[in-house]
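In: Have a look at this prediction, sequence included:
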Amino acid sequence: MARGVKNVFATSLGILAVGAIIGVVAGFLQKFGNPANMAICVACFGRDIAGALGLHRAGVVQYMRPEIIGFVLGSFAAALAFKEFKPSGGSAPITRFVLGMIAMIGALVFLGCPWRVILRLAGGDGNALFGLLGLVTGVWIGTLFFKSGFNLGRSQVQSMSTGLLLPLMMLGLLALRLIFPPVAGEAQSGVLWYSLKGPGAAYAPLFLSLGAGLGIGFLAQRSRFCTMGAIRDVLLFNQWYLMTGFLALLVAALVTNVLLGQFNPGFEGQPVAHTMWFWNFAGMLMAGLAFALAGGCPGRQLFMSGEGNSDAGIFVLGSIVGAGIAHNFGLASSPSGIGPHGMAAVVIGMVVLVFIGVTNRK
Amino acid sequence: MNQTVDARGLSCPQPVLMAVQAMRKAGSGALEVVVDNEASRENVARAAQSQGWDVTVHEMENGEFKLALVKQ
């Protein structure tokens, strides 16, 4: 049977619209309270969730971010609606867990995921140029591994419950956020930790954050939006489909920031950023390579988890654990510079990535 | 007999890489690529069309897709 129904979002115009919508929504989430130049950063928000759960105790970055929950549940809804929910998994799970950990640690040395590279650029943060360069270099190294036969192996069909587990976990986190809402002046509400100052204390109202997350999750599932894939496909196949979304996000966020008065060009004193250019480059290089080997940026991993892909789910769990380790071990950077053990983290992380890359060639 | 590329269970970019390799090797003629998810179906079709191959997609009952690639 030839397929008749066309997926309108999986067209150049479709992904352009999705990227643009994410850019505009990000600008407005910032206006309504989310941290500056972070707005909707997948790594930062995963890190905040780790903090809310007490997996690390960095007091300024603790919040149960509804955007992340919305990404998975929105994608889950889209996958169900379009009959694309398909429980699968079993492709090198522990390797994907480690890739998630290393990706998060690298992102926290730079201070942001690929989404935030774009959003920081759109806010005028020049330091993000080094992050972008690192991201492209990391993904490029990933394509060299692909060309030499890197492959984490085939996934298999899994049980319905296996596919449902990550969306259910997100539903559980949402329940916790509703049962234990933030209490003014209190660092703890029930089992959840909250920030009293810093980026973790900056958040848009719950319904806006959750609504934005659900909407973006839905659209991204339909369009396969992926920032790592955007760079990878251009380098590997000269295929510009995903890059259209990447560029649309940049332009839309830039225009939105200029219009809302959120564009402040410069290098010094940028929000939640440091000026150590080499480590901005190296952190994102490590994260970019880890995303490439795992087959998706942290956003895409969330969206694939919503489709029942438990390999992506394992990556997500690895990244949340990685965030806990990054802060507990002093690997994560802060606006004053890299953490006390940030350099060691990048060196060890790169060695592990090369080990994974070299030993999984088939 | 047509060459078949089995990309089931693989996630991006592997299915596209395998299809592109097969297209380069064949140059022209007919190829068949089997994938098991929508994203791979779209990506392989997009890559093939950009290289001048005609693509016909058949959805099978088990949710897999068979893509027939033809180039004169």
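Out: Looks like it arrived, so ask away. Numbering: from 1, shown residues only, chains lettered A, B, ... in the order given.

In: does the residue in chain A that chain B sits nearest to count as helix, strand or coil?
Out: Of all residues in chain A, residue A:154 sits closest to chain B, with a separation of 3.0 Å (CB to the nearest CB). Bear in mind the C-beta positions are built from the backbone N, C-alpha and C, glycine included. State at residue A:154, reduced to three classes by DSSP: H, G, I helix; E, B strand; the rest coil: coil.

In: And residue A:112, by the same measure?
Out: Recorded secondary structure, residue A:112: coil (three-state DSSP).

In: That one touches residue A:39, doesn't it?
Out: No - in terms of CB atoms under 8 Å, residue A:112 does not count as a neighbour of residue A:39; the distance is 10.5 Å.

In: anything in contact with each of these two?
Out: Common contacts of residue A:112 and residue A:39 (CB atoms under 8 Å, 6 or more residues apart in numbering or on different chains): residue A:119.

In: Just give the number of residues close to residue A:277.
Out: 16 (other CB atoms under 10 Å in any protein chain shown).

In: close enough to count as contact, it and residue A:132?
Out: No - applying CB under 8 Å as the test, residue A:277 and residue A:132 come out as separate, 11.9 Å apart.

In: so who does residue A:243 touch?
Out: Residues in contact with residue A:243, defined by CB under 8 Å, 6+ apart, are A:230-231, A:233-234.

In: quick one: what helix or strand has it in it?
Out: With elements taken from DSSP states H and E, the one containing residue A:243 is helix A:241-259.

In: could you pull out the helices for chain B?
Out: Using DSSP state H, the helices assigned to chain B run over residues B:14-26, B:38-50.

In: who wins for proximity to chain A among those?
Out: Taking CB to the nearest CB as the criterion, chain A comes closest to helix B:38-50 out of the helices of chain B, the separation being 5.0 Å.

In: residues from chain A in reach of chain B?
Out: The interface of chain A toward chain B, taken as CB under 8 Å from any CB of the partner chain, is made up of A:1-3, A:7, A:10, A:84, A:86, A:88, A:91, A:146, A:151, A:153-156, A:224, A:229, A:232-233, A:236-237, A:239, A:241, A:295-296, A:309, A:311.

In: Mark which of these are buried, thanks.
Out: Restricting the residues of chain A next to chain B to buried positions leaves A:7, A:10, A:84, A:86, A:88, A:91, A:146, A:151, A:154-155, A:224, A:229, A:232-233, A:236-237, A:239, A:241, A:295-296, A:309, A:311, with burial counted as 16 or more other CB atoms under 10 Å in any protein chain shown.

In: quick one: the strands in chain A?
Out: Per DSSP state E, chain A has strands spanning A:88-89, A:156-157, A:188-189, A:192-193. These are given in chain order.

In: okay if I get the ones you listed as TSV plus distance to residue A:121?
Out: Below are these laid out as TSV (distance: least, CB to CB, whole Å):
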stretch	distance to residue A:121
strand A:88-89	35
strand A:156-157	40
strand A:188-189	35
strand A:192-193	31
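
In: Now render those strands as TSV, adding mean pLDDT and distance to residue A:180.
Out: Written out in TSV, the entries for these read as follows (pLDDT from 0 to 100; distance: least, CB to CB, whole Å):
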stretch	mean pLDDT	distance to residue A:180
strand A:88-89	97	31
strand A:156-157	96	37
strand A:188-189	97	4
strand A:192-193	98	5
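
In: can you give me how far stretch A:256-268 is from the chain middle?
Out: Centroid separation between stretch A:256-268 and its chain, computed with CA atoms, centre = their mean, to the nearest Å, is 22 Å.

In: can you check stretch A:13-33 too?
Out: Going by CA atoms, centre = their mean, the spacing between the C-alpha centre of stretch A:13-33 and its chain's C-alpha centre is 15 Å.

In: Now it: buried residues?
Out: Quick answer for stretch A:13-33 (16+ other CB under 10 Å): A:14-30.

In: what about the chain, any weak spots by pLDDT?
Out: Just going to use chain A. Screening chain A residue by residue with the criterion pLDDT under 70, one finds the ranges A:1-5.

In: hmm, I had chain B in mind actually
Out: Along chain B, the model assigns pLDDT under 70 to residues B:1.
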